[in-house]
Structures are given as C-alpha cells and as structure tokens.
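Asks: How does the following fold in three dimensions:
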Amino acid sequence: MKAGLSFLYLRDENRFPVACVAIEVEDSLTAYKFATSTVNPLDRNKFSKILAKQIAVGRLDKKPICAEITTPQEDLTFGSLADEVVAFIARNAPGRITRNAAKNWIREHGPKPAPPQA
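Replies: Residues are numbered from 1 along each chain as shown. Below you'll find the model as predicted:
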C-alpha cells in the first residue's frame, strides 16, 4: 500500500451515497488521518461526489481524526485500512446517517472470515 490520499463513499440501505471519507496515510504507513462529509438529508437525491470530496478534504486539513494503523504492514491494503476507518466511524460518528451508512458498508465490504486451515 502507498502513502497518500484516498476516498471512499458510504451508502445508505438504498445504495444512495450519503458520505465521503477522505483518508490520508502517512509515509511511514503506521498512522492515518481521515475526515468525512455527509449529505444533508434534504438534499439526498442531489449528492455530488465532487462537492463531497472538496468538503472532506477541507475537513481533513482543518480538523482531521488521527489514528494508528493496527493492521500489520505486510497485510496492509486499502481494503484493510478502509475496514479500520469505517469501523471507527460506525462506533464513533456523531451523525446517525454516517454511522448507519458505515454499518451498511461493514455488512457489504467488511472483513471476510479466514479460509479454513488444512
């Protein structure tokens, strides 16, 4: 996995995008910071990925949420990092829309069980 800025979108139960998550990984690959932008419920059918990215990046610059990466570096992929970030959002997001969308993401994309060992 490379350091840098990545995005993911959280969707509601009807698969409409409701939040954008901007994730920036440090060069050392030991920590990350992220920020989210959430669609206003009154604008639900007008979600703009461009605007959502701009807002998330602005929040990432002004008031990011920082954490250490818990996945071992040899296993680190964007998918494993996304699992960590979305799990944090599902537990801690102040807004119900974002929290529920994170829980939907975990149900659809979350960690898969390891294959049985022979």
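Asks: From now on I want contacts and neighbour counts done on CA atoms only, so please keep to that.
Replies: Will do.
Asks: Please determine how far E26 is located from A67.
Replies: For E26, the distance to A67 equals 11 Å [CA to CA, to the nearest Å].
Asks: intersection of neighbour lists for these two?
Replies: Y32 (CA atoms under 8 Å, 6 or more residues apart in numbering).
Asks: how about stretch 88-108: buried residues?
Replies: 89-90, 93, 97-106 (16 or more other CA atoms under 10 Å).
Asks: now what about that stretch, what contacts it?
Replies: Stretch 88-108 is contacted from outside by L10, R11, D12, E13, V18, A19, T38, D83, V86, A87, using CA under 8 Å, 6+ apart.
Asks: from those, which would you call buried?
Replies: Those of those that meet the buried threshold are L10, R11, D12, V18, A19, T38, D83, V86, A87, by 16+ other CA under 10 Å.
Asks: Farthest-apart pair in the residues you listed, please.
Replies: Greatest spacing in the buried ones among the contacts of stretch 88-108, by CA to CA: T38 and D83 (18.7 Å).
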